[in-house]
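Participant: quick one: sequence plus predicted model below, questions after.
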Amino acid sequence: MNALEIKNLHVTIDGQQILKDLSLTLPKGEVHAIMGPNGSGKSTLAKALVGHEDYIVDSGTATMDGKDIFDMEVNERSREGLFLAFQYPAEIPGVTIANFIRAALNARQPKGEDVDAVAYYKDLYSEMERLDIDRKFTSRSVNEGFSGGEKKRCEILQMSMLKPDYCILDETDSGLDIDALKIVADGVNHMRGKDRGILIITHYQRLLNYIVPDRVHIMWDGRIVKSGDKSLAFEVEERGYDWVKQEQTASV
Amino acid sequence: MSTETAINIDREKGNFSYDTQYEYDAGIGLNEGVVNYIADVKSEPDWVRKFRLKALKVFWSKPMPTHWATKDLENIHFDKFRYYLSKGQQPSRSWDDVPADVKETFERLGIPEQERAFLAGVEAQFDSEAAYSNMKEELSKEGVIFVGSTEGLKEHPEIFRKYFGKVIPIGDNKFSALNSAVFSGGSFIYVPPGVKVKQPLQAYFRINAENFAQFERTLIIADEGAEVTYMEGCTAPKFETTTLHSAVVELVALKGAKIQYITVQNWSANVFNLVTKRGLAGEDSEIKWIDCNIGSRLTMKYPGVILKGRRARGEVISIALAGDGQHQDTGAKMIHAADETTSNIIAKSISVGQGRSTYRGQVYIPKHLKGCRNNTECDALLINSNSRTDTYPAITVRGNNNSVQHEASVSKVSAEQIFYLMQRGLSEGEAMSLTVNGFINDLVKQFPMEYSVELKRLIDLEMEGSVG
């Protein structure tokens, strides 16, 4: 199946179980949003999927178009088409954005082959223009001294250059003013298409005004407790997460 | 890019050794007989023989500098080395004159491409003698001398003798004395007044015999208003036993002259690399050392400038990478000896695994001088918790009319940085390599393009190896 499929996932950090039997299917061509209160395990899901070593998968499976991703190294998952837009991307002093993205693209080429430099810069500049990023940006060191908005735009720029099959956006809306939010949303909307699945992790409904999701999932205490269409996001916005909590408690 | 393919010196290709038949061999061990043998074989004038014998006595009289330097020096057994090996041929001027087996070595090191790409003047050293040298015609027309040190002392004694051993006297340290006793190979360069040599002069050399100590001696003189850039790079084959390399390089920049000396070294992990490099800077002159040390078991090297003339400028840009089991003990010396002299030291070191980096600096500005300035920056990058880095900046500034500025930092490559880069598809080695290249990026920009490409490649190889 052409989807990112997560089944019965259990994940532990520092001996504490955070994800408890989480299942989720993100088909290609769709945009899903995961909403949930702080501490519900949203970011854990993102980190575990891309293979951060601190996040231990105790049980469960995750496949990308049928391929087991837990069987792959971190960089293999990336090259197979899994991308995470980080909530707090690392700074890499002295490495320019242009060189960084080029290195990432080269890592996808057959051994010993590099991307064509002229074509690369042409692509890069046109993507930057669309994301309203100044050209001078490319010669700055990756994330070093960036504002919150610059960091997020830089993540989206990488995403649009690497063209992954599955994108996870971890709290990409946090720390953005309304203008930056619109630009980032435009960038994501531009990436929507039948060959790509996008998973948006967010605390607030705000971003979903600009990126309208096909499905909304509510996460609570390490699992998906409620799924619905975009109206679910508005419901959460109106009634808060306590409403979900009460429903959960009632059902137990 | 054509230069990328032109410079294709990789570690794998460096890990080999040919069975070379040596016509001249001074045998194992060090004594007067060996020194006399070298002087005989090279048919040197008497003054050189006397210089060598005197140096041998000084060498014996000096203790190992283990009171401040690493105890690893005690593992150098001077009686186990061969001090002179030569195929006996005269330095060759054209590629056709180079013996086939020597050519093969150069071929594997990518030298022929270098030759085609940068026909400025190449002198590549094969063992003790310069086996191959080439000088572009325009250079000799302008009166520029670029020859091996033996040829220099024989053919141009009037210039050679005037400066030889003056910037770095025999007794400067134990290893300068050793070099003075048994030196062979290295370059002699003289640039006449006002001549600005546009293309860098290059020398490639390599050690190619087991237990063979190599002792180049290089002397570069830029006469008034002259300008020259010299580049040396080396790769060495891998040996089972230790190898000693101890060069002496003296630079003389007369009034208004500019000398830039660029080194990219990649010794195999068993080499002791103990080098003395110093320049004498006259009025309004400028001496700049750009020094990059990768590999070796132990490197001790502190390029220096004696700022003798008013408004002279000295600069050392240093990059050191210490891999597992390696110790890079590097730094710089700036001796201010005239008013309004300025010096700048920027040193960056990278320690990987059990690798150890030491920065050792000496800046001296005496009380009676006015308007002198020094800037020293040293940054260390650690690539895992076992790495070690030390900084010993000895800055002596007397008087109220001089200024110094000193900054030092130590940083680590974090797991989060590597994870971030790997999430974008880079392997762990590629991620390390990109981070390290970022750390030294501002310094690498100062290298000529072809060298910065080679440097990047060497770092890629080191990093690939470090993550296994």
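Facilitator: Arrived safely. Because the structure is predicted, anything quoted here is derived from the model rather than measured.
Participant: around chain B, pick out the residues from the stretch 1-150 of chain A.
Facilitator: Within the stretch 1-150 of chain A, the positions near chain B by CB under 8 Å from any CB of the partner chain are A:50-53, A:73-75, A:77-79, A:83-84, A:86, A:89-95, A:99-100, A:103-104, A:107-108, A:141. In short, each C-beta sits where N, CA and C put it, glycine included.
Participant: just these: which are in strands?
Facilitator: Judged by DSSP state E, those include A:F83, A:L84, A:I92, A:P93, A:G94, A:V95, A:S141 as members of strands.
Participant: show me where the stretch 101-250 of chain A has helices.
Facilitator: Taking DSSP state H, counting those that start in this stretch as the test, the helices found in the stretch 101-250 of chain A are A:117-130, A:148-162, A:178-191, A:231-239, A:241-251.
Participant: so which of these is the most surrounded?
Facilitator: helix A:148-162 (a mean of 21; mean count of other CB atoms under 10 Å in any protein chain shown).
Participant: turn the ones in strands among the residues of the stretch 1-150 of chain A next to chain B into JSON lines, including pLDDT and neighbour count.
Facilitator: Putting those into JSON lines (pLDDT from 0 to 100; neighbours: other CB atoms under 10 Å in any protein chain shown) gives the following:
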{"residue": "A:F83", "pLDDT": "98", "neighbour count": "24"}
{"residue": "A:L84", "pLDDT": "98", "neighbour count": "27"}
{"residue": "A:I92", "pLDDT": "95", "neighbour count": "24"}
{"residue": "A:P93", "pLDDT": "93", "neighbour count": "17"}
{"residue": "A:G94", "pLDDT": "93", "neighbour count": "19"}
{"residue": "A:V95", "pLDDT": "94", "neighbour count": "24"}
{"residue": "A:S141", "pLDDT": "94", "neighbour count": "18"}
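Participant: for those, which one is nearest B:V275?
Facilitator: For these, the minimum distance to B:V275 (CB to CB) is 27.6 Å, reached by A:G94.
Participant: pretty sure that closest one is touching B:L434, no?
Facilitator: No. Assessed by CB atoms under 8 Å, A:G94 is found out of contact with B:L434, at 9.3 Å.
Participant: hang on, the earlier thing: in TSV: the helices of the stretch 101-250 of chain A, plus mean pLDDT and distance to B:N179.
Facilitator: TSV is the format used below for the helices of the stretch 101-250 of chain A (pLDDT from 0 to 100; distance: least, CB to CB, whole Å):
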stretch	mean pLDDT	distance to B:N179
helix A:117-130	92	45
helix A:148-162	93	52
helix A:178-191	90	62
helix A:231-239	88	76
helix A:241-251	75	76
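Participant: how about those helices, which one is nearest B:G429?
Facilitator: Across these, closest to B:G429 is helix A:148-162 (CB to CB), at 19.8 Å.
Participant: tell me how far that closest one lies from the chain's centre.
Facilitator: From the chain centre to the centre of helix A:148-162 is a distance of 11 Å (CA atoms, centre = their mean, to the nearest Å).
Participant: host element of the spatially closest residue to B:S387 that is not a sequence neighbour?
Facilitator: In this structure, B:S387 finds its nearest non-sequential neighbour in B:S351, 3.5 Å apart by CB to CB, 6 or more residues apart in numbering or on different chains. Here B:S351 sits within strand B:342-352, counting by DSSP states H and E.
Participant: what does B:S184 give?
Facilitator: Counting by DSSP H and E, B:S184 is found in no helix or strand.
Participant: low-confidence bits of the chain, can you list those?
Facilitator: Went with chain A since none was named. Along chain A, the parts satisfying pLDDT under 70 run over A:250-252.
Participant: sorry, I should have been clearer: chain B.
Facilitator: For chain B, the stretches flagged by pLDDT under 70 are B:1-23, B:86-138, B:203-213, B:233-242, B:385-386, B:450, B:465-468.
Participant: please parse it into its domains.
Facilitator: Domain ranges of chain B: B:11-301, B:415-468, per automatic domain parsing.
Participant: report the secondary structure state of B:G309.
Facilitator: Following DSSP: H, G, I helix; E, B strand; the rest coil, B:G309 is assigned to coil.
Participant: find the nearest non-adjacent residue to the residue of the stretch 301-450 of chain B at minimum distance from chain A, please.
Facilitator: For the stretch 301-450 of chain B and chain A, the shortest gap (CB to the nearest CB) falls at B:G438, measuring 3.1 Å. Spatial nearest neighbour of B:G438, chain neighbours left out: A:G94 (3.1 Å); criterion: CB to CB, 6+ apart.
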